[in-house]
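sequence plus the predicted model coming up.
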Amino acid sequence: MTTDAMQGMTSGAARDLLRRMFDAAVAAAQPALCLPPHLPPPPRGRLIVIGAGKASAAMARAVESHYPHPLTGLVVTRYGYAVPCQRIEIVEAAHPVPDAAGHAAARRMLELVSGLSADDRVLCLISGGASSLLPLPAAGLALADKQAINRALLKSGATIAEMNCVRRHLSAIKGGRLAAACAPARVLNLIISDVPGDDPINIGSGPTVADPTRCRDALEILRRYAIEVPPPVLDLLQSGAGESPKPGDARLPEIETRLIATPQMALEAAAEVARRAGLASCILGDSIEGEAREVGTVMAGIALQVARHGQPLRPPCVLLSGGETTVTVRGTGRGGRNVEFLLSLALGLRGAAGIHAIAGDTDGVDGIEEIAGAWLAPDSLARAWALGLRPADSLANNDGHSFFGALGDALVTGPTLTNVNDFRAILISGEAAAV
């Protein structure tokens, strides 16, 4: 696409192109596409399929569709994310705050893999969301304890790695404990990553991989964010009773882990859509973290540098990024990471001509809303002011979903049945270069 063509692009055409990039990112991580090449040969004994996460039911269906040999299993997914399976039981539970359904399913999963032999094999399907969907508290703790701590962590601004470190040490199933229960059967992990850095211990809190972190790390995180915990939780961590299996632990079976879809793969798929449209693209990073509003401010500065000075690349082009930002909740609005990012981006761009953007969670849920994210156009601020909205006030109140909903710019996908974290694309034409 030439610069002249980009300058003549309507907001509708820009939105369509951004949506095609988002859809390509999601499609690249669909289990039906990325899982079948990794299925194992039949074992001498039984194949037991277990798993958890927002994509786990779709992963289970991909297993059933491409594995003709006998198998049985149980996976847990988010409410609304189940798909029909014949041989693998699908259970739905709550996310992001766990509930009794997830608690019961986690207990049943441990029972399912107990008593296996060395001839058996466990196929574990893990994707983002598994931490909340397998909420089996450590001995001496109640589900209510984990629910309260989970809510506090979600509001604190803690990173996903920090949250999952705490979760692992309060669990009877995370941090390698589920893998230990599978021994002596071999374990094959097929994982769709939704975390910066793609470290398996942080994907679903690593139920079937060894955990290098310790109770003291979890304690430090709770102190860092001033999160009050019940006495049983404090006792568990201070005594070391919450310690998880470490690398080299004799209790762990033979474990193989494969990342079958990652944020980088999704970004590369979006970059290909841009290339076919004649646009240069730059992947700024697949693991960008930090406060969503601060990332938005930085991205606005980069976009303006591109528009005005052609650095680090010349328009027309698209800037792509992924990762998992955080939101420290101080307001009472309806918000999520992606709409908070876009609000901040809008304020930083100040209506600069020719710059459009999209940001959304690839699982279809931004925060706790059934909304993936939103679009941003050069006239978004002007339209908001015309409606009597104050963008800065919306940002201060963590009210991004209300803001973009009022503009008609919410991105609603429904359950995508996968999850490779946040997707952000900023489309820059040549128009703003003269601003």
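On my side now, so go ahead.

I'd say Pro230 and Asp145 touch.
Yes. The pair Pro230 / Asp145 is scored as a contact, 5.3 Å apart, by CB atoms under 8 Å. Yep, even glycine has a C-beta here, placed from its N, CA and C like the rest.

neighbour-wise, which of those two wins?
More crowded of Pro230 and Asp145, by other CB atoms under 10 Å: Asp145, with 19 against 14.

let me know the pLDDT of that one.
Predicted confidence (pLDDT) at Asp145: the value is 91.

hmm, who's touching the lengthiest strand in the chain?
Of all segments of type strand in the chain, defined using DSSP state E, the longest is strand 280-288. For strand 280-288, the surrounding residues in contact (CB atoms under 8 Å, 6 or more residues apart in numbering) are 196-198, 262-264, 267-268, 270-271, 274-275, 295, 299, 302, 312-314, 316-323, 325.

just the buried residues of the residues you listed.
196, 198, 262-264, 267-268, 270-271, 274, 295, 299, 302, 316-323, 325 (16 or more other CB atoms under 10 Å).

domains in the chain, by residue range?
Per the record, the chain has its domains at 3-28+264-430, 34-261, by automatic domain parsing.

how far off centre is the shortest one?
In this view, domain 3-28+264-430 has its centroid 16 Å away from the chain centroid, taken as CA atoms, centre = their mean, to the nearest Å.

helix, strand, or coil at Ala359?
Of the three states, Ala359 takes strand according to DSSP: H, G, I helix; E, B strand; the rest coil.

and what of Thr77?
Put simply, Thr77 is strand when judged by three-state DSSP.

distance-wise, check it relative to Leu279.
With the distance defined as CB to CB, to the nearest Å, Thr77 ends up 36 Å from Leu279.

out of those two, which sits in the more crowded spot?
Neighbour count, other CB under 10 Å: between Thr77 and Leu279, Thr77 has more, with 32 against 21.

just confirm Pro415 is within a strand.
No. Looking at Pro415 with three-state DSSP, it is coil, so not inside a strand.

roughly how far apart are it and Asp361?
Distance, Pro415 to Asp361, using CB to CB: 11 Å.

more crowded one of these two?
Using other CB under 10 Å as the criterion, Pro415 and Asp361 rank with Asp361 on top: 27 against 22.

just checking, that one touches Asp422?
Yes. Applying CB under 8 Å, one finds Asp361 in contact with Asp422, separated by 5.6 Å.

correct me, but Asp217 touches Cys165?
Yes. If you go by CB under 8 Å, Asp217 and Cys165 touch, sitting 5.5 Å apart.

which one's more surrounded, the two?
Cys165 (26 against 16).

how about the more buried one, phi and psi?
Dihedral angles of Cys165 (phi, psi; degrees, to the nearest 10) stand at phi -60, psi -50.

tell me who's in contact with it.
Going by CB under 8 Å, 6+ apart, Cys165 touches 213, 217-218, 221.

would you enumerate the residues in contact with Ala58?
Shown in contact with Ala58 (CB under 8 Å, 6+ apart): 30-32, 81, 83, 417-418.

which among those gets closest to Leu381?
Nearest to Leu381 out of these is Thr418 (CB to CB; 32.7 Å).

identify the contacts common to Pro415 and Asp361.
With CB under 8 Å, 6+ apart, Pro415 and Asp361 have no common neighbours.

what about the helices in the stretch 301-435 of the chain?
Using DSSP state H, counting those that start in this stretch, the helices of the stretch 301-435 of the chain run over 337-349, 380-386, 391-396, 400-407.

tell me what the first one is packed against?
So the one you mean is helix 337-349. Judged by 3 or more CB pairs under 8 Å, 6 or more residues apart in numbering; DSSP states H and E, helix 337-349 is in contact with helix 292-309, strand 355-361, strand 373-376, helix 380-386, helix 391-396, helix 400-407, strand 422-428.

please redo it, this time with the cut-off set to 10 Å
The helices and strands touching helix 337-349, judged by 3 or more CB pairs under 10 Å, 6 or more residues apart in numbering; DSSP states H and E, are helix 292-309, strand 355-361, strand 373-376, helix 380-386, helix 391-396, helix 400-407, strand 410-411, strand 422-428.

in contact with the nearest residue in space to Pro36 that is not next to it in sequence, which residues?
Distances taken as CB to CB, 6 or more residues apart in numbering put His66 closest to Pro36, at 4.2 Å, once the chain neighbours are dropped. His66 makes contact with 32, 35-37, 39, according to CB atoms under 10 Å, 6 or more residues apart in numbering.

kindly write the PyMOL command that selects the buried subset of the residues you listed.
Listed next is the PyMOL selection for buried residues among the contacts of His66, using 16+ other CB under 10 Å:
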select buried, resi 35+39
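
filter the contacts of His66 down to just the ones in helices.
Among the contacts of His66, DSSP state H puts Ala32 in helices.

of the contacts of His66, which pair is most distant in space?
Using CB to CB, the pair of those lying farthest apart is Ala32 and Leu39, separated by 12.4 Å.

between the two, what contacts are shared?
In contact with both Ala32 and Leu39: 62, 66, using CB under 10 Å, 6+ apart.

just give me the neighbour total for the closest residue to Asp249 other than its chain neighbours.
In space, and not counting its chain neighbours, Asp249 is closest to Ala210: 6.3 Å by CB to CB, 6+ apart. By other CB under 10 Å, the residues close to Ala210 number 20.

tell me the SS of Ala210?
coil.

correct me if wrong: it contacts Glu243.
No. Using CB atoms under 10 Å, Ala210 makes no contact with Glu243, being 12.0 Å away.

what is the rounded mean pLDDT of stretch 197-214?
Stretch 197-214 shows a mean pLDDT of 96 in the predicted model.

returning to what we had before: shared neighbours of Ala210 and Glu243, anything?
Common contact partners of Ala210 and Glu243 (CB under 10 Å, 6+ apart): Gly175.

ok, the residue nearest to Leu304 when sequence neighbours are not counted - how many residues close by?
Beyond its immediate neighbours in the sequence, the residue positioned closest to Leu304 (CB to CB, 6+ apart) is Ala352, lying 6.3 Å away. Neighbour count of Ala352, defined by other CB under 10 Å: 18.

one more: Leu125?
Neighbour count for Leu125, taken as other CB under 10 Å: 31.

doesn't it lie inside a strand?
Yes. Checked against three-state DSSP, Leu125 lies within a strand.

among the buried ones among the contacts of strand 280-288, which are in strands?
Using DSSP E, the buried ones among the contacts of strand 280-288 in strands are 317-323.

and the contacts of His66 as JSON lines, adding pLDDT and distance to Val97?
Formatted as JSON lines, the contacts of His66 follow (pLDDT from 0 to 100; distance: CB to CB, whole Å):
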{"residue": "Ala32", "pLDDT": "96", "distance to Val97": "30"}
{"residue": "Leu35", "pLDDT": "98", "distance to Val97": "28"}
{"residue": "Pro36", "pLDDT": "97", "distance to Val97": "33"}
{"residue": "Pro37", "pLDDT": "97", "distance to Val97": "35"}
{"residue": "Leu39", "pLDDT": "98", "distance to Val97": "33"}
